[in-house]
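A.B. asks: predicted model, plus sequence, below.
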Amino acid sequence: MLGMDDFKQSRLYLGIKQEGIEEGTLLTKLQVVPLLLEARFTIEEIAQRLDLTVEQVQQAAQSQSN
């Protein structure tokens, strides 16, 4: 039977962990969008600087204004 240390070295665990990190990074970027809009960055500039799509930035801006 696998122990916890063995599981933490498995591809499954490492894949899940990486997905979580990527999702957390995306959420953090989306939370910064309203601040950058207040600083007068354009949606295109924000998308480029945060490595997001224009659509993601627009959705983040809309959800913060509601």
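C.D. replies: Nice, I can see it.

A.B. asks: CA only for contacts and neighbour counts going forward, please
C.D. replies: Noted.

A.B. asks: quick one: mean pLDDT for the top helix by length along the chain?
C.D. replies: What stands out as the longest helix in the chain, according to DSSP state H, is helix 11-38. For helix 11-38, mean pLDDT is 95.

A.B. asks: tell me how far the residue nearest the centre of the chain lies from residue 35.
C.D. replies: Among the residues of the chain, the one closest to the centroid is residue 26, at 0.3 Å (CA atoms, centre = their mean). Computed as CA to CA, to the nearest Å, the residue 26 to residue 35 distance reads 15 Å.

A.B. asks: wait, residue 43 sits on residue 57?
C.D. replies: Yes - counting by CA atoms under 8 Å, residue 43 does reach residue 57; the two are 6.4 Å apart.

A.B. asks: compare these two and say which is more crowded by neighbours.
C.D. replies: It is residue 57, of residue 43 and residue 57, that has more neighbours when counted by other CA atoms under 10 Å, with 26 against 19.

A.B. asks: what helix or strand is that one on?
C.D. replies: helix 54-65 (DSSP states H and E).

A.B. asks: what sits up against stretch 4-13?
C.D. replies: In this structure, residues lying in contact with stretch 4-13 by CA atoms under 8 Å, 6 or more residues apart in numbering are residue 14.

A.B. asks: make it 6 Å
C.D. replies: Outside stretch 4-13, no residue is within contact range by CA atoms under 6 Å, 6 or more residues apart in numbering.

A.B. asks: could I get that stretch in PDB with only the CA atoms?
C.D. replies: Extracted as PDB, the C-alpha positions of stretch 4-13 are listed here (Å, rounded to 0.1, in the frame of the first residue of the first chain):
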ATOM      1  CA  MET A   4       1.400   9.500   2.200                       C
ATOM      2  CA  ASP A   5       5.000  10.300   1.200                       C
ATOM      3  CA  ASP A   6       4.700   8.000  -1.800                       C
ATOM      4  CA  PHE A   7       1.400   9.600  -2.800                       C
ATOM      5  CA  LYS A   8       2.900  13.100  -2.600                       C
ATOM      6  CA  GLN A   9       5.500  12.000  -5.100                       C
ATOM      7  CA  SER A  10       2.900  10.500  -7.500                       C
ATOM      8  CA  ARG A  11       2.000  12.200 -10.800                       C
ATOM      9  CA  LEU A  12      -1.600  12.400  -9.700                       C
ATOM     10  CA  TYR A  13      -0.700  14.500  -6.600                       C
END
